[in-house]
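Engineer: Give me a model of this one.
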Amino acid sequence: MTQPVGWRRAAFNQGWVYRTRIGVDEGGEWLSAWMAKRYRHSSQSVWLGRIERGELSRNDAPLAGDVELEVGDRISWRRPPWLEEDIPDRWETIHDDGDLLVINKPSGLPVIPGGGFLRHTLAALLEPTGARPVHRLGRYTSGLQVCARRPETRADLSRQFLPGGGCRKIYRAWAHRVEGLVPGRTMAVESDVVERRHPLTGWIWGPDPELPDGPIRRRLPASSRLRLLKRSSQGDLLEVMITTGRPHQIRIHLAQIGSPLLGDPLYRADRSVDPFTTPGDGGYLLHASFLEMSKGCFHCPERFPVLDS
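Structural biologist: Okay, the predicted model is just below:
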């Protein structure tokens with residue numbers, strides 16, 4: 001089948017080595033069990049098979065069988081090459097002065113490695129240009145993505161993207177109807193983004209549950225401002241301004257108020273998270289449309305599909 005123009009075919013990468021160290025409270029556990037807890041995408045029996053195939057090492061010595069861990073052990077997993085999904089690999093350049101690069105990232109393109117991607121990422125595609133991402137949009141979030149070539153520029157801009165750093169970010173989003181939001185009025189959402197248990201990833205950022213459903217590992221205060229742009233039979237087109245930039249903040253805040261993004265497979269209106277979905281799964285419409293920082297202001301209109309009125 002012919003690949004659409006602007007898409008990179010699925011391909012095998014060269015594999016990767018993951019390294020970690022056993023902490024002071026983690027000694028005495030079997031390696032297969034420890035890996036299953038740390039990397040919940042695979043069961044203990046799967047990890048045992050990888051150990052027996054020689055994919056794991058302890059203190060640089062290859063292993064042929066399961067071992068009991070000791071505090072301070074250095075564990076390496078030499079993951080064999082795996083197939084990375086096809087991705088969009090072309091974008092519109094909004095600004096490029098030889099150092100600062102601002103692009104309109106297409107939906108579906110991961111910014112950095114993670115979630116099954118290593119080389120099929122924006123970071124890898126940018127390597128020939130010398131530019132690197134300053135921040136990270138979600139894989140299925142389109143719009144303004146800031147990159148820079150000089151390390152000092154990246155460091156300066158990274159500080160601006162931190163909460164209170166002065167960067168002003170505005171998004172467009174299609175969400176389920178937001179009750180109480182009317183044209184001309186702004187709704188503030190001030191609720192924590194919390195790290196909670198998830199069967200696939202171990203921990204995941206999500207809404208603050210109305211009723212406790214497990215431990216909360218971390219809380220991050222977050223602030224969003226919603227403005228209604230259009231209301232249709234399918235949902236609301238919103239302008240969302242954020243100043244805190246927490247992980248998946250807009251998706252989580254909209255689910256927090258019972259109006260998740262249309263098509264979001266992970267975050268639900270009842271503040272629960274789908275146990276069979278991860279943050280990298282798509283289907284939603286979210287676009288970074290405006291950005292103000294020390295290097296200037298940038299605008300990038302969204303190109304969402306037309307929804308019925």
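Engineer: give me every residue that touches the nearest residue to Pro106 once chain neighbours are set aside.
Structural biologist: The shortest distance from Pro106 to any residue that is not its chain neighbour, by CB to CB, 6 or more residues apart in numbering, is 4.1 Å, and that residue is Pro88. Using the backbone N, CA and C atoms, a C-beta is placed for each residue, glycine as well. Pro88 is in contact with Gly6, Trp7, Arg8, Pro106, Ser107, Gly108, Leu109, counting by CB atoms under 8 Å, 6 or more residues apart in numbering.
Engineer: can you do 6 Å?
Structural biologist: Applying CB atoms under 6 Å, 6 or more residues apart in numbering to Pro88 gives the contacts Gly6, Trp7, Pro106, Gly108, Leu109.
Engineer: so the last one sits right up against Asp89, yeah?
Structural biologist: Spelled out, that is Leu109. No: between Leu109 and Asp89 no contact is recorded; they are 7.3 Å apart, counting by CB atoms under 6 Å.
Engineer: rewinding a little: the residue nearest to Pro106 bridge partners, please.
Structural biologist: Applying DSSP bridges to Pro88 gives these bridge partners: Trp7.
Engineer: Ile204 too?
Structural biologist: Taking DSSP bridges, one obtains Arg196 as the residues bridged to Ile204.
Engineer: Give me the neighbour count for it.
Structural biologist: The number of residues packed around Ile204, counting by other CB atoms under 10 Å, is 21.
Engineer: With His95 as the reference, measure out to it.
Structural biologist: Relative to His95, Ile204 is positioned 34 Å away (criterion: CB to CB, to the nearest Å).
Engineer: same thing with Pro207?
Structural biologist: 35 Å.
Engineer: who has more neighbours, the two?
Structural biologist: Here Pro207 and His95 are compared on neighbour count by other CB under 10 Å; more neighbours surround Pro207, at 27 against 13.
Engineer: Surely the more buried one and His253 touch.
Structural biologist: No: taking CB under 6 Å as the contact criterion, Pro207 and His253 are not neighbours in contact, 7.8 Å apart.
Engineer: care to break this protein down by domain?
Structural biologist: Here the domain assignment for the chain is 11-83, 87-167, 169-299, based on automatic domain parsing.
Engineer: From the opening residue of the second one to its closing one, how far?
Structural biologist: Looking back up the chat, that one is domain 87-167. One end of domain 87-167 sits 29 Å from the other (CA to CA, to the nearest Å).
Engineer: Please apply the same query to the longest one.
Structural biologist: Length of domain 169-299, first residue to last, CA to CA: 10 Å.
Engineer: Show me how far it is from its chain's centre.
Structural biologist: Put simply, domain 169-299 sits 13 Å off its chain's centre (CA atoms, centre = their mean, to the nearest Å).
Engineer: Could I get the average pLDDT for it?
Structural biologist: Summarised as a single mean, pLDDT over domain 169-299 is 95.
Engineer: And the pLDDT at the residue nearest to Pro106?
Structural biologist: Looking at Pro88, its pLDDT stands at 97.
Engineer: Show residues contacting stretch 192-207.
Structural biologist: With CB under 6 Å, 6+ apart as the contact definition, stretch 192-207 has outside contacts at 40-41, 208, 214, 216-222, 246-248, 252, 255-256, 271, 273, 275, 278.
Engineer: do the same with stretch 13-31
Structural biologist: Counting contacts by CB under 6 Å, 6+ apart, the residues outside stretch 13-31 that touch it are 66-71, 73-81, 84, 118-119.
Engineer: next helix or strand past the lengthiest helix in the chain?
Structural biologist: In the chain, assigned by DSSP state H, the helix with the most residues is helix 151-161. Next along the chain after helix 151-161, taking DSSP states H and E as the criterion, comes strand 168-175.
Engineer: next one: that next one to chain centre, how far?
Structural biologist: Taking mean C-alpha positions (CA atoms, centre = their mean), strand 168-175 and its chain are 16 Å apart.
Engineer: residues of it that come out buried?
Structural biologist: When burial is assessed from 16 or more other CB atoms under 10 Å, strand 168-175 yields the following buried residues: Lys169, Ile170, Tyr171, Arg172, Ala173, Trp174, Ala175.
Engineer: Pipe these into TSV and attach distance to Tyr284 per row.
Structural biologist: Conversion of these to TSV gives the following (distance: CB to CB, whole Å):
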residue	distance to Tyr284
Lys169	17
Ile170	17
Tyr171	12
Arg172	12
Ala173	8
Trp174	8
Ala175	9
